[in-house]
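Chemist: one predicted model, sequence on top.
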Number of protein chains: 2
Amino acid sequence: MIDDLPHRLRFVLVRTSHPGNIGSAARAMRTMGFTRMELVLPHRFPDREASALAAGADAVLDGAGVHPGLVDALAGSSLALGLSARRRGVNLPELTPREAAIQALAAAERGGQVALVFGNERTGLENEELARCHAMVRIPSVDDFSSLNLSQAVQVMAYELRMASLGERATAPPSLHDEPPADAAQMERFYEHLAQMLDDIDFHKGRAPTTIMLRLRKLFQRAQMDERELRMLHGIFADAQRMARLAAGKK
Amino acid sequence: MIDDLPHRLRFVLVRTSHPGNIGSAARAMRTMGFTRMELVLPHRFPDREASALAAGADAVLDGAGVHPGLVDALAGSSLALGLSARRRGVNLPELTPREAAIQALAAAERGGQVALVFGNERTGLENEELARCHAMVRIPSVDDFSSLNLSQAVQVMAYELRMASLGERATAPPSLHDEPPADAAQMERFYEHLAQMLDDIDFHKGRAPTTIMLRLRKLFQRAQMDERELRMLHGIFADAQRMARLAAGKK
């Protein structure tokens, strides 16, 4: 992670109508470690509703700059990425949020400052605002319901920036438990004990045990058990065998 | 993209306090193409505020099921993923939203139904609710400000599911079995039978069964058993119980 990434990234909200959205956006940024907000002609700010919805991210609001135009809010930035759901008339390269995050981090690593730019809730970014951006970011919403709430768009973008900064964890399917798996020899002893226990409790009742044992192997191999789990199951089998011995002894 | 993916994925909101969050969550789901919402004991629903914040995603709210408990809301699902910011005391594998989306799509491709489970705004998911889940999903927020708004968490998860469904199909984990996966209700009956059998064979010997049952749940949730495997294990438990009865009767 780049040490000063939070200082190199700014979230610019343009002509935001609802102060609550400014607060929610501050909270969304803050959860992902970002603190720098710039506001262009907000309809109402500061505002009690913004503070309420910031839910503790007050420092983001307190530090937010308020600007008369987008050019001001972009001062010092070398890369501006504009969020938009527009389909036409935008003469800009189009990125997914994931691609945008990678570009943003690369620019920050080169020593630049990066702006993520979000338009008005209803009208989005105007053409001349998009013209100040180097690329357009489209969140891949469905065509028949494409409009995310402003703070949701901020959250998605901040989340992707955080994921990118944490360094794209490998895509290997994650391990589904946290202890070292039992080794092959331990598993064989487990299957022997299981088979013996099934005999003792008369599970097979004359049927050949082969198919059942194959199915049980498949099930327990899939579970990739660890040593503690094996000990637990050995314990259960031992108690079932104890019951079988008691039952037989009392016949 | 799997054709009926929206029908195979459900968003389950548990004990939601603010109806506005239910509305915002519906909108967040809808922007990413998801429509199936299940509510467990919502404090107020239906509610005007929920409808207002759904911003046109009324069909999601109209179709939402309302349930008295989580087990009900999970009916028919074979994979449940619980969103949580917890750091300790959760005996579950932990996934990022991206990893969770891959697992969810893989399960849906195998014919299963998948639930994403979100807890109360302030208290999150309780231990026993998480115990009904196969894995925990942690959104990678920063340690000193870790709490996303509920609908923001829904948005991030829905976004990752949408991204996963749009491509990145590359390496879905291959199916590890060939029968229909057991659903949540069948798994609950299985755990009840397992717990009763352990009592009958006197496995606990005075110790509290809670920890053991959580470990066994973890093991068997991980195995994602099919119906035939469940029948086989029910049969084994029944024979162990029969031995216990014989042992007791002959005392």
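Modeler: Structure received. Note that the structure is predicted; figures quoted are calculated from it, not measured. Residues are numbered from 1 along each chain as shown, chains lettered A, B, ... in the order given.

Chemist: spatially, what comes nearest to A:Val154 if we skip its sequence neighbours?
Modeler: A:Ala25 (4.3 Å; Cβ to Cβ, 6 or more residues apart in numbering or on different chains). The C-beta positions use only the backbone N, C-alpha and C, and glycine is treated the same way.

Chemist: who touches that neighbour in this structure?
Modeler: By Cβ atoms under 8 Å, 6 or more residues apart in numbering or on different chains, the contact set of A:Ala25 is A:Phe11, A:Leu13, A:Met37, A:Phe118, A:Leu150, A:Ser151, A:Val154.

Chemist: quick check: the first one is in a strand.
Modeler: Yes - in this structure, A:Phe11 lies within a strand as judged by DSSP: H, G, I helix; E, B strand; the rest coil.

Chemist: what's the local residue count around it?
Modeler: 25 (other Cβ atoms under 10 Å in any protein chain shown).

Chemist: now swap in the fifth one and tell me
Modeler: Using other Cβ under 10 Å, A:Leu150 is surrounded by 25 other residues.

Chemist: hang on, it packs against A:Gly20?
Modeler: No - assessed by Cβ atoms under 8 Å, A:Leu150 is found out of contact with A:Gly20, at 9.7 Å.

Chemist: about what we covered before: now do the SS call for the residue nearest to A:Val154.
Modeler: helix.

Chemist: and the gap between it and chain B?
Modeler: Using Cβ to the nearest Cβ, to the nearest Å, A:Ala25 is found at 10 Å from chain B.

Chemist: now A:Asp183
Modeler: For A:Asp183, the distance to chain B - Cβ to the nearest Cβ - is 17 Å.

Chemist: same check, this time on A:Arg231
Modeler: For A:Arg231 relative to chain B (Cβ to the nearest Cβ), the value is 10 Å.

Chemist: same thing with A:Leu81?
Modeler: 17 Å.

Chemist: pretty sure that residue sits in a strand.
Modeler: Yes - counting by three-state DSSP, A:Leu81 is located in a strand.

Chemist: residues in contact with it?
Modeler: Contact analysis of A:Leu81 by Cβ under 8 Å, 6+ apart lists A:95, A:100, A:103-104, A:114-117, A:133-137.

Chemist: which residues does it bridge with?
Modeler: Beta-bridge pairing of A:Leu81 under DSSP bridges involves A:Leu116, A:Ala135.

Chemist: pLDDT wise, what is it at?
Modeler: At A:Leu81, the model reports a pLDDT of 95.

Chemist: excluding covalently adjacent residues, which one is nearest to A:Pro42?
Modeler: Counting by Cβ to Cβ, 6+ apart, the residue nearest A:Pro42 is A:Thr16, at 4.9 Å.

Chemist: gap between that neighbour and A:Ala135?
Modeler: 22 Å (Cβ to Cβ, to the nearest Å).

Chemist: which of those two has more neighbours?
Modeler: Between A:Thr16 and A:Ala135, counting by other Cβ under 10 Å, A:Thr16 is the more crowded of the two (24 against 18).

Chemist: list the contacts for the more buried one?
Modeler: Here A:Thr16 is in contact with A:Ile22, A:Leu39, A:Pro42, A:His43, A:Phe45, A:Phe118, A:Asn120, A:Glu121, A:Leu150 (Cβ under 8 Å, 6+ apart).

Chemist: mind running it again at 7 Å?
Modeler: A:Ile22, A:Leu39, A:Pro42, A:His43, A:Asn120, A:Glu121, A:Leu150 (Cβ atoms under 7 Å, 6 or more residues apart in numbering or on different chains).

Chemist: could I get those residues as a markdown table with secondary structure?
Modeler: Below are those laid out as a markdown table (three-state DSSP):
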| residue | secondary structure |
| --- | --- |
| A:Ile22 | helix |
| A:Leu39 | strand |
| A:Pro42 | coil |
| A:His43 | coil |
| A:Asn120 | strand |
| A:Glu121 | coil |
| A:Leu150 | helix |
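
Chemist: mark which of these are buried, thanks.
Modeler: Neighbour-count burial (16 or more other Cβ atoms under 10 Å in any protein chain shown) applied to the contacts of A:Thr16 gives A:Ile22, A:Leu39, A:Pro42, A:Asn120, A:Glu121, A:Leu150.
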